[in-house]
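[1] heads up, no residue letters with this:
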């Protein structure tokens, strides 16, 4: 399946599941409260398929798959004048109040429960998806450090250390570490980092993120820390051999250098560093190499070679082979029961991170480029699906949580806006006037249009790589 087709397919799967469950939350609580549901629609526009059940509810699928809705008898003037008039005529608040199965006739607490049920279903789904992810397992790379430079080196970090916690937040994988570091770096907050060195000994460093330059772009924050990752390292595998270099007729393309003079070589950077140390000493070095699964021992004399810019270095006259990303070496996986509390903890952490990002965007501490539209979400859906079931379940959990949080924003036309209306009604002792509600709906539509416009703008101008 091509990336384009995969992106469309996995986005539709995600939206189908998340939107259906969100609207089902509204639907089932409305039914439990005795409200007559007129239509349950997945998608917007004229239905391309519909069925009516014994309760008179029309279940429909519409062609625009960017949301859905549950239309209830007596739901309100704005919705009813645009939706209900299709076949039953227009409901008015006064008429709807006379019907016991009307939304408008229910208590304010019942109406709040019906409205809140949609986002609540998204939070429940987030927990369920994360539980499934932990049971299935999400393969990843370990948070083992590769090359270290800049402020990280100054803080005492060293190659081969594995991060186990950041500011008390447990770190199981490189993804966990980067998410925690990104959040702290946005705040320019110094963090305590627990690590285990190459021998398994625990150590603690303080990473001074306050020293990251203020002008650093968000996408460059992790690089600005000076922390490199071992999974991002280039293996010491031979690509080409110079005809007049030290390795001519000795090394072959595809050979992987395992050690020099008995010291293990884990990647190309370590090979180069070792050669710069041993080369000036003169004489031959002993290489241990892997050639088609067979371990061989060779003796070569490094030479001082010249770079195109005139710089000099000690080398063997070889270039590295192009390679794919290394295999995963870590996995988040728990038993069925152990995954239950872990899923709640993961949901709490993801919620805190998401709310923190919303707060930073509103205060200007984080860029509005973090608002993503359907194109970016589709690409993320396809990318995570390619990485395995565990990753796609994590994606579904993250999007479900985002859908729940966005719907709770106090913007009229969203669930949060309706909840705000009902809170005002509780305080005043009577509903808002019809004029105020309609005005609020138009303000909400304008805000929502602005938010969607920003999301599409970010989609269109976001780099593809």
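    That came in fine, so what should we check first? Bear in mind the structure is a predicted one, so any value in this text is a computation, not a measurement. Residues are numbered from 1 along each chain as shown.
[2] quick one: average confidence on stretch 424-438?
    Here stretch 424-438 scores 85 as its mean pLDDT.
[3] that one spans what distance, first to last residue?
    Between the opening and closing residues of stretch 424-438 lies a distance of 15 Å (Cα to Cα, to the nearest Å).
[4] just the buried positions in that stretch, please.
    Within stretch 424-438, the residues that qualify as buried by neighbour count (16 or more other Cβ atoms under 10 Å) are 431, 432, 437, 438. C-beta: built from backbone N, CA, C; applies to glycine.
[5] what do you get for stretch 135-155?
    For stretch 135-155, the neighbour count (16+ other Cβ under 10 Å) marks 135-136, 138-148, 151-152, 155 as buried.
[6] of these, which is the nearest to residue 417?
    When the buried residues of stretch 135-155 are compared for distance to residue 417 (Cβ to Cβ), residue 138 wins out at 35.4 Å.
[7] can you pull the pLDDT of that closest one?
    With respect to pLDDT, residue 138 has a value of 93.
[8] leaving out chain neighbours, which residue sits closest to it?
    residue 390 (3.2 Å; Cβ to Cβ, 6 or more residues apart in numbering).
[9] my read is that neighbour is in a strand, agree?
    No: looking at residue 390 with DSSP: H, G, I helix; E, B strand; the rest coil, it is helix, so not inside a strand.
[10] doesn't residue 135 make contact with it?
    No: using Cβ atoms under 8 Å, residue 390 is not in contact with residue 135, being 9.2 Å away.
[11] coming back round to it: which pair of the buried residues of stretch 424-438 spans the longest distance?
    For the buried residues of stretch 424-438, the farthest-apart pair by Cβ to Cβ is 431 and 438; their separation is 12.8 Å.
[12] for the residue nearest to residue 138, give me its contacts.
    133, 136, 137, 138, 139, 332 (Cβ atoms under 8 Å, 6 or more residues apart in numbering).
[13] now do the helices in the stretch 251-400 of the chain.
    268-278, 339-363, 374-387, 389-407 (DSSP state H, counting those that start in this stretch).
[14] okay if I get the contacts of residue 390 as TSV plus secondary structure and distance to residue 345?
    Formatted as TSV, the entries for the contacts of residue 390 read as follows, by DSSP: H, G, I helix; E, B strand; the rest coil; distance: Cβ to Cβ, whole Å:
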residue	secondary structure	distance to residue 345
133	helix	13
136	helix	18
137	coil	17
138	strand	15
139	strand	20
332	strand	12
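[15] return the closest of those with respect to residue 406.
    Closest approach to residue 406 among these (Cβ to Cβ): residue 133, at 21.7 Å.
[16] quick one, what contacts that closest one?
    Counting by Cβ under 8 Å, 6+ apart, residue 133 has contacts 332, 390, 393, 394, 397.
[17] just the ones in helices from the buried residues of stretch 424-438, please.
    Counting by DSSP state H, the part of the buried residues of stretch 424-438 found in helices is 437, 438.
[18] circling back: of all the contacts of residue 390, which two lie farthest apart?
    Checked with Cβ to Cβ, the contacts of residue 390 reach their widest spread between 133 and 139, with 11.0 Å between them.
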